[in-house]
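K.L.:
Structure of the sequence below:
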Amino acid sequence: MSFIKVSQDSKGQDVNLHYVDLGQGPTIVLIHGWPLSYESWEYQLNELPKNGVRVVAYTRRGFGHSDKPWNGYDYDTLADDLKAVLEGLDLQDVTLVGFSMGGGEVARYMSRHQGTRVSRVAFVSSVTPYLLKTDDNPDGVDKSTFDDMVDGLKKDRPDFLTTFGKQFYGDGLLSNPVSQPTLDWSQSLALQGAPYATEQCARAFSETDFRQDLQTIKVPVLSIHGEDDKTVPYKNSAKRLDQYLSHATQIVYDGAPHGLLVTDKEKLSQDLLTFVSGSDNFDRADAEQDHY
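P.N.:
Below is the predicted model:
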């Protein structure tokens, strides 16, 4: 396994992140969602490098095989971790792809570090622009929803994550887009996360305002979201992106849940490859109305 040092914790101990670096060509950096690890990108890690691109993915601090310091789960620190990965591997002209919580890292990195080394960004099922309902963000989600999440984690984390995983992939009585073994695999990744990291990150992605961060992004932007996302509802997130990123290309997958990196893996991978290639297939006027 490969690790890269990104910082030191409050005790002066190194914080090392687990990462993988595959293929050759234009570089894509994949940033995973909560509460998983880079292994959740399994299909993309196996397929994208076959198409002439280099793919780097790392696991956020507190999760998977990465180090698990007690603190440092705010988005400023997480964006600094991303910066350390890009610099440590000397990556240039990168396409950043942030899934779910990872979209926040992309947005904060682009503002906090002026988008250095980045040529394109993609938001997939992303928590941007701002999930929490407030007086100046009336289209957000009630805080009680996120309070219930944290309460559930504290009460019985495995049980909460089991239920969460089913919603994540759109699994229900009338819909089974993924198999039980896939749900079990995803649960095993989630349980590798430290409980305190899982809770602190839930607060971070639900309470961090990325609206100003988004407005600093000048490079090409792709947004992909599932129409039937119950975890990060489209109407509370990607549907509002145009208010802050007028040049973004938006694609909505009909009927897709949150975890479309698994449920719609072929489609997502092809769209990312098209985006990285700079193809004009994503004409903005068409893509905004495009439902796959």
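K.L.:
From here on, just use CA atoms for contacts and neighbour counts.
P.N.:
OK.
K.L.:
what's the pLDDT at Glu288?
P.N.:
On pLDDT, Glu288 comes in at 50.
K.L.:
and what of Phe282?
P.N.:
53.
K.L.:
Ser279 now?
P.N.:
Model confidence at Ser279, given as pLDDT, is 80.
K.L.:
So it, which state does it fall into?
P.N.:
coil (DSSP: H, G, I helix; E, B strand; the rest coil).
K.L.:
distance of Asp81 from Leu272?
P.N.:
Distance of Asp81 to Leu272, computed by CA to CA, to the nearest Å: 23 Å.
K.L.:
Between these two, which is the more surrounded one?
P.N.:
When neighbours are counted by other CA atoms under 10 Å, Asp81 and Leu272 differ, and Asp81 comes out ahead with 24 against 19.
K.L.:
Please name the spatially closest residue to the more buried one (chain neighbours excluded).
P.N.:
Leaving aside its sequence neighbours, Asp81 sits nearest to Val6 (CA to CA, 6 or more residues apart in numbering; 5.4 Å).
K.L.:
Just the buried residues of the longest strand along the chain, please?
P.N.:
For the chain, the longest strand by residue count, based on DSSP state E, is strand 14-22. Within strand 14-22, the residues that qualify as buried by neighbour count (16 or more other CA atoms under 10 Å) are Val15, Asn16, Leu17, His18, Tyr19, Asp21, Leu22.
K.L.:
The fourth one contacts Val6, doesn't it?
P.N.:
No - under the criterion of CA atoms under 8 Å, His18 lies out of contact with Val6, with a separation of 10.5 Å.
K.L.:
mind listing the strands for the stretch 151-292 of the chain?
P.N.:
221-226, 249-253 (DSSP state E, counting those that start in this stretch).
K.L.:
likewise the stretch 1-150 of the chain?
P.N.:
Using DSSP E, counting those that start in this stretch, strands in the stretch 1-150 of the chain cover 2-8, 14-22, 27-31, 54-58, 94-99, 118-124.
K.L.:
Nearest to Leu241 among these would be which one?
P.N.:
strand 118-124 (10.1 Å; CA to CA).
K.L.:
re earlier: which one of the strands of the stretch 1-150 of the chain lies closest to Gly152?
P.N.:
Nearest of those (CA to CA): strand 94-99, 22.9 Å.
K.L.:
Could you list the paired strands of the closest one along with their orientation?
P.N.:
strand 27-31 (parallel), strand 118-124 (parallel) (DSSP bridges).
K.L.:
Reformat the ones you listed as a markdown table; add distance to Arg240, mean pLDDT and mean neighbour count.
P.N.:
As requested, the strands paired with strand 94-99 are exported to a markdown table (distance: least, CA to CA, whole Å; pLDDT from 0 to 100; neighbours: other CA atoms under 10 Å):
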| stretch | distance to Arg240 | mean pLDDT | mean neighbour count |
| --- | --- | --- | --- |
| strand 27-31 | 22 | 99 | 25 |
| strand 118-124 | 13 | 98 | 24 |
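K.L.:
could you dump these to CSV with distance to Arg60?
P.N.:
Shown next, in CSV, are the strands paired with strand 94-99 (distance: least, CA to CA, whole Å):
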stretch, distance to Arg60
strand 27-31, 8
strand 118-124, 17
